[in-house]
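Output the structure for:
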Amino acid sequence: MHTGPDNAARSDSSPVSPTPLTDPATRFGEAPREVPDGMRKTLLGLLLAIISGVMLVVSWPTMGNLWPLVFIAFVPMFLAQYRFMPRRLTGLPVGVAFACYWFGGLQMASALVGMWPVIAVSIVIGLIGWLIGSFDKRFAERTRYRWFIVQFALIWVAIDLLVQGNLVTASMSWIAYRLWELPRLVQPVSVVGTPVLSFLIIMINALIALLTIKLLDGWRPKFCPQSIPRKVITWSSVVVVVAIVVWVVSSLFIFSSVHHDQGPAVRVATVQPGIKYSPPQITQGSWKPLPPAENNKRRDAQEIQMTSMTKQAAREGARLVVWPEWLLDYDPRTTRTSWIPALARSTHTYIIAAFVPHPTMAETPNMAGLWAPDGSLRAVYYKIHPVIPMGEKFHNTPEVYRTFDTELGPLSMMICFDCDFPPESRLITLTGAELIGAPSAGPAGTSRFRISSLVFRAIENRVSFARADLAWESVIVGPDGVVKKRTAMTDPIGGTALLVADVNRGPRNAPYTQIGDIAGLIILFFLGCRIVWQIVYWRRTRGVKVVGEAGA
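Below you'll find the predicted structure:
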């Protein structure tokens, strides 16, 4: 009797497995279908990528300040990228890391632009990271992991260097800033620049990931598309360990030297008045003028407050008093001209006061003046970099970097956002500055973060800073990066504070100041070499499968 295929199958003594449509467990949900191994690996890889993203977010001062996580935050990302994600998704963990890290930084702008633009920009950055990360695994396999500890560091730090001139974040994305509370351990940035510290942080992550991958390969060989040569593990470990030892030892030595060589102490004060008597831009979010009588009344109250706080600073011994940015909505050289000179004479102090000459014109730059104890106006500084999210539109301002010899020593000025651009502090220091007064008006959301960039500017150039903020983030920091006093108010309305502290003038002998960011140029050069190398590898080996590449 003829039997068709179905009958032949049924004649087998083994039980017939139910199909998905006839399996009661599938129909009624009593037991879920088994997840394939490939999907399990992918889901685990996605989880690892998310863990990296979370650690990167909470490492930001404004999101938890769990800064030690920066030394391991990329490790789960590497594991996901190299051992768990299918080849077509190897860039996804990198994209997650990029998106989450930048979200952690950009969220401080949400008070100005809203949360959705921050989320949208973070997603775009994540997609760029995904694209970049898509090439890493193949490059590592084709070079047998010889450059693993540096290949991602080159990309991450090069991006930092390329975008540091933008008018939204400047250098605030630099991961090295997470270590601002450890001035004794970051001093080599005064020799090689801050990007090298970021590079070292990522190298440490890469080495930990490399060692973990090697252990994972021995534990679960099926996860291993290509084994990592033992000699790669050895030399990678030696390179990173030696780099760490050299960095720490040299940092402790430099810190001791700077502390010993810094100049005489100067008692300085930063006046943080709060926003009660501030111009309409701060209190109402608009430069729409107040009625003249009401505005004059506000100015009178502001004058009384600033006079009182400045006199209090002088009674506590301050010889330099710094006022905040966006304080005066007029030009004190032409309006209320006698007030600041008389106050400087009566208190025998140098006063740095910021002002906006034409507050209804966003194209007009913010400015700051230096008044001497004899009442004379010694200098005027023009803010160079506008803060685009805060509505500033000025451009082509005079880039005049000057230092003035005073009874207190060589003094200079900067304004707020300019401090986040490393070249500006360097150029000002080159003119002879040993102490820099910096009026500022940072948003409340940045008060636990932007202090970090100022600490690094002080260390890079070995100069002291006294930054007076309008209501949130005043700080006095020495040339060794040690914070003398600070405020960190997160309430949107801020608060009032008077900081008075002795700070030493800087020795101003940092190699970074003299030679600039040579290390950054070297990093960009080697990234270019890596890109060229990767193109050459691709052209030479098209169609050639790396061991374990299929199905990885």
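
Just the pLDDT for the residue nearest to I149 when sequence neighbours are not counted.
Nearest non-adjacent residue to I149, counting by Cβ to Cβ, 6 or more residues apart in numbering: A206, 4.3 Å away. Where C-beta positions appear, they are placed from N, C-alpha and C, glycine not excepted. For A206, the model assigns a pLDDT of 98.

Which residues are in contact with A206?
Contacts for A206 (Cβ atoms under 8 Å, 6 or more residues apart in numbering) come out as 74, 78, 148-150, 152-153, 240.

go on, F355?
F355 makes contact with 327-332, 366-369, according to Cβ under 8 Å, 6+ apart.

contacting residues around the residue nearest to it when sequence neighbours are not counted?
The shortest distance from F355 to any non-neighbouring residue, by Cβ to Cβ, 6+ apart, is to L328 (3.9 Å). L328 makes contacts with 279, 302, 353-356, as judged by Cβ under 8 Å, 6+ apart.

next one: F456
Applying Cβ under 8 Å, 6+ apart, we find F456 in contact with 174, 176-177, 180, 186, 189, 194, 422, 481.

Throw the contacts of L328 into JSON lines and include distance to R87, secondary structure and pLDDT, thanks.
Output for those, formatted as JSON lines (distance: Cβ to Cβ, whole Å; DSSP: H, G, I helix; E, B strand; the rest coil; pLDDT from 0 to 100):
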{"residue": "P279", "distance to R87": "57", "secondary structure": "coil", "pLDDT": "84"}
{"residue": "Q302", "distance to R87": "63", "secondary structure": "helix", "pLDDT": "97"}
{"residue": "A353", "distance to R87": "61", "secondary structure": "strand", "pLDDT": "97"}
{"residue": "A354", "distance to R87": "55", "secondary structure": "strand", "pLDDT": "96"}
{"residue": "F355", "distance to R87": "59", "secondary structure": "strand", "pLDDT": "95"}
{"residue": "V356", "distance to R87": "56", "secondary structure": "coil", "pLDDT": "90"}
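
how about the residues you listed in JSON lines, adding distance to L290?
Formatted as JSON lines, these follow (distance: Cβ to Cβ, whole Å):
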{"residue": "P279", "distance to L290": "9"}
{"residue": "Q302", "distance to L290": "12"}
{"residue": "A353", "distance to L290": "21"}
{"residue": "A354", "distance to L290": "20"}
{"residue": "F355", "distance to L290": "17"}
{"residue": "V356", "distance to L290": "14"}
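
Let me see the ranges of the strands in the chain.
All strands of the chain, identified by DSSP state E, fall at 265-272, 320-322, 350-355, 367-371, 377-382, 404-406, 409-413, 435-440, 464-469, 475-477, 483-486, 497-504.

Please identify the most buried of those strands.
strand 464-469 (a mean of 30; mean count of other Cβ atoms under 10 Å).

rewinding a little: now the strands of the chain as CSV including distance to M309?
Converted to CSV, the strands of the chain look like this (distance: least, Cβ to Cβ, whole Å):
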stretch, distance to M309
strand 265-272, 5
strand 320-322, 8
strand 350-355, 11
strand 367-371, 16
strand 377-382, 21
strand 404-406, 22
strand 409-413, 19
strand 435-440, 14
strand 464-469, 10
strand 475-477, 15
strand 483-486, 15
strand 497-504, 5
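
For the stretch 101-250 of the chain, which residues score under the pLDDT cut-off?
Within the stretch 101-250 of the chain, the stretches with pLDDT under 70 are 111-112, 222-223, 225.

nearest residue to A458 other than its sequence neighbours?
In this structure, A458 finds its nearest non-sequential neighbour in V477, 4.9 Å apart by Cβ to Cβ, 6+ apart.

who's in contact with that neighbour?
Here V477 is in contact with 454-455, 458, 464-465, 483-484, 503 (criterion: Cβ under 8 Å, 6+ apart).

longest single helix anywhere in this protein?
The longest helix of the chain (DSSP state H) is helix 230-261.

for that one, the distance to its chain's centre please.
23 Å (Cα atoms, centre = their mean, to the nearest Å).

what inclination does that helix have with respect to strand 497-504?
Angle, helix 230-261 to strand 497-504, by axes from the mean of the first three to the mean of the last three Cα atoms, to 10 degrees: 90 degrees.

Which other helices and strands does helix 230-261 contact?
Here helix 230-261 touches helix 148-163, helix 189-192, helix 194-219, going by 3 or more Cβ pairs under 8 Å, 6 or more residues apart in numbering; DSSP states H and E.
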